[in-house]
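>>> Here's a sequence, model it:
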Amino acid sequence: MTDRLSSGNENLDAILNGGLLRNAINLIVGVPGSGKTILSQQFAFHNATKERPALYLSTLSEPLDKIVRFAESLEFFDRGAVREGRIVYEDMGRVLGEHGLDDVMETIDRLLKEIKPGVVVIDSFRAFHALAPDISRFRQFLYGVTRLLTAAATTSLWNAPYSRAQAAEEAEFAVADGIIALDIKLIAEREVRVLQVMKLRGSGFQSGEHVYRISKSGLAVFPRLADIHDETRYELSTRRSESGIAALDQLLGGTGYWSGAATLIVGPSGIGKTLMGLHFLYRGAAMGEPGILATFQENTTQLSRIVESFGWSIENENVHVMSRGLVDLNIDEWVYELLGLIEATHAKRVVIDSLADLLNAAGDAVRFREWMFSLMQRCTRAGVSLMLTKEAADLFHLQRISDDAISHMADNVVLLQYAREGAELTRTLTVLKTRAMSHRPLVHRYEITNEGFVLGDVLTVTS
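So this is what the prediction gives:
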């Protein structure tokens, strides 16, 4: 495998199939404010050594003292590395004289020989365009710099404030071995930062747009959840996951859902979808199976009152609540937090309440279906039982389960609805689908009591 330059961020390295190409020219492009300088310094600090320092060259885009001052606020910034010469900052603006690009070339050549860097950052490379009298002279300079850096066996990162469309038209694009594009997109009313690998010569990488955030630790990247269909064999569990509602388990063949199955609970507001999820989680907790309630509907204080009203405790060590707000929610960032919590708690049951919130955060129906397929595939292979709630607009006569094909992917579909009986509304439950199990899709009455769901007799429904 080609030797790689790690970013220090596990997720970004995974997107890059191990990291940027070492001893190569790598271009980091993006609109102003997208994080090019932070990312390039992140690479530099992570890979600088005493034997092969990192050389950071500022040009005419931003004063060097300003670059360093902002870098000092980041967690990866190491003052000791600067003092010891593992990180060397140089201001190219000070050496530019009447000879322009020739001065640049001579200075880079001298620094490469003196410092013998393993990593060279040029921030920003686009500034050199202004010093060239014409495109022909710039291309000659570009060729010369590339030769110098290649001969020095150094890994180069060139920053340039291009959009993705602009980058493809510039001369640097053809020279670069690897290209990372950073962008800021407006989705509905939300600003979302996205990273895309546009080029990685002779290497595979994860395609598409990947969300990232800028924090004190640098760029935190969240690869888009779009797993390919995995045909490798794995062992299916023969165990069942009891629903926590004895009568419902009888409708599901006597002992509940298959362990590792995905179950979709559909129904209108107030019908009891969240309560069904709580039954599932607390039954698992009683059996020693840790579970997670991932909710956008209630905060922990509100949930505590709901849970306690049915005789459960929010402090149960086998039930973990992951409550998040909808403002600034991104599904890729959120799902990596969920997957991390599943691993940390060894969870075997997960309830997501609700899918509508995640669909809104995704902003794209096709993207959402890819995401759901990937999440279901990961949970199934890990033996994690997944329960998903989805609100239906129709109180009585539901015409379709979903417009996003989630019901097709789910192993089980349970429909909760209202029915009119005189002046009263009756709650009803129907098991519409169970994969690899027999069932009868009968409409059953149920009530919500202090003990939760209580399933009743079969209801004769008239149209």
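>>> pLDDT below threshold where in the stretch 301-450 of the chain?
The stretch 301-450 of the chain contains residues with pLDDT under 70 at 395-405, 439.
>>> Would you map the helices across it?
Along the stretch 301-450 of the chain, the segments classed as helices by DSSP state H, counting those that start in this stretch run 331-345, 355-362, 365-382, 406-409.
>>> Return the list of helices and strands in contact with the shortest one.
With contacts taken as 3 or more C-beta pairs under 8 Å, 6 or more residues apart in numbering; DSSP states H and E, helix 406-409 sits against strand 262-267, helix 365-382. Quick note: C-beta positions are derived from backbone N, CA and C, even for glycine.
>>> deepest of those, which one?
Neighbour counts (mean count of other C-beta atoms under 10 Å) averaged over each of these peak at strand 262-267, with a mean of 26.
>>> Quick one: list the elements packing against the next helix or strand after that one.
Proceeding N to C from strand 262-267, the next assigned helix or strand is helix 273-286, under DSSP states H and E. Under the contact criterion of 3+ C-beta pairs under 8 Å, 6+ apart, helix 273-286 touches strand 262-267, strand 291-295, helix 300-309, strand 319-323, strand 349-353, strand 385-391, strand 412-421, strand 452-458.
>>> Can you name the residues in contact with helix 273-286?
241-245, 265-267, 290-293, 295, 297-298, 306-307, 310, 312, 316, 318-319, 348-349, 351, 353-354, 385, 387, 389-391, 414, 416, 448, 452-453 (C-beta atoms under 8 Å, 6 or more residues apart in numbering).
>>> now these: which count as buried?
Applying 16 or more other C-beta atoms under 10 Å to those, the neighbour count classes 241-245, 265-267, 290-293, 295, 297-298, 307, 310, 312, 316, 318-319, 348-349, 351, 353-354, 385, 387, 389-391, 414, 416, 452-453 as buried.
>>> residues contacting the residue nearest to the spatial centre of the chain?
Residue closest to the average C-alpha location in the chain (C-alpha atoms, centre = their mean): Asp332, at 2.6 Å. Taking C-beta under 8 Å, 6+ apart, we find Asp332 in contact with 210-211, 222-225, 371.
>>> closest to Arg94 among the residues you listed?
His210 (37.2 Å; C-beta to C-beta).
>>> what's the spacing between that closest one and Leu225?
For His210, the distance to Leu225 equals 10 Å [C-beta to C-beta, to the nearest Å].
>>> With Thr37 instead?
From Thr37 to Leu225 the distance is 29 Å (C-beta to C-beta).
>>> Kindly report the same for Ala419.
For Ala419, the distance to Leu225 - C-beta to C-beta - is 38 Å.
>>> now do Val82
Per C-beta to C-beta, Val82 is found 38 Å from Leu225.
>>> what do you get for Asn412?
Distance check for Asn412 against Leu225: by C-beta to C-beta, it reads 22 Å.
>>> The two: which is more packed in?
Asn412 (23 against 20; other C-beta atoms under 10 Å).
>>> bridging residues for the closest residue to the more buried one other than its chain neighbours?
Spatially, and ignoring its direct neighbours in sequence, Asn412 is nearest to Thr263 (4.1 Å; C-beta to C-beta, 6 or more residues apart in numbering). According to DSSP bridges, the residues that bridge with Thr263 are Met387, Asn412.
>>> Over to Val197: give its phi and psi.
For Val197, the backbone dihedrals (degrees, to the nearest 10) come out as phi -90, psi 120.
>>> Thought Ile15 was touching it, still the case?
Yes. Counting by C-beta atoms under 8 Å, Val197 sits close enough to Ile15 to count as a contact (6.3 Å).
>>> Need the residues touching each of these two.
What both Val197 and Ile15 touch, as defined by C-beta under 8 Å, 6+ apart, is the set 205-206.
>>> who's more crowded, the two?
Ile15 (25 against 22).
>>> isn't that one right up against Gly204?
No. Assessed by C-beta under 8 Å, Ile15 is found out of contact with Gly204, at 10.6 Å.
>>> ok, Ala167 - contacts?
Here Ala167 is in contact with 27, 29, 160, 173, 179, 181, 198 (C-beta under 8 Å, 6+ apart).
>>> taking those one by one, which sit in helices?
The members of the contacts of Ala167 that map onto helices under DSSP state H are Phe173.
>>> give the contact list for Leu442.
With contacts defined as C-beta under 8 Å, 6+ apart, Leu442 is in contact with 251, 430, 458.
>>> could you dump the residues you listed to JSON lines with neighbour count?
Putting those into JSON lines (neighbours: other C-beta atoms under 10 Å) gives the following:
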{"residue": "Leu251", "neighbour count": "22"}
{"residue": "Thr430", "neighbour count": "21"}
{"residue": "Val458", "neighbour count": "11"}
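>>> Gly33: which of the residues you listed is nearest?
The closest of the contacts of Leu442 to Gly33 turns out to be Thr430 (C-beta to C-beta; 52.3 Å).
>>> Name whatever forms a beta bridge with the closest one.
Leu415.
>>> these two touch, right, it and Arg445?
No. Assessed by C-beta under 8 Å, Thr430 is found out of contact with Arg445, at 11.0 Å.
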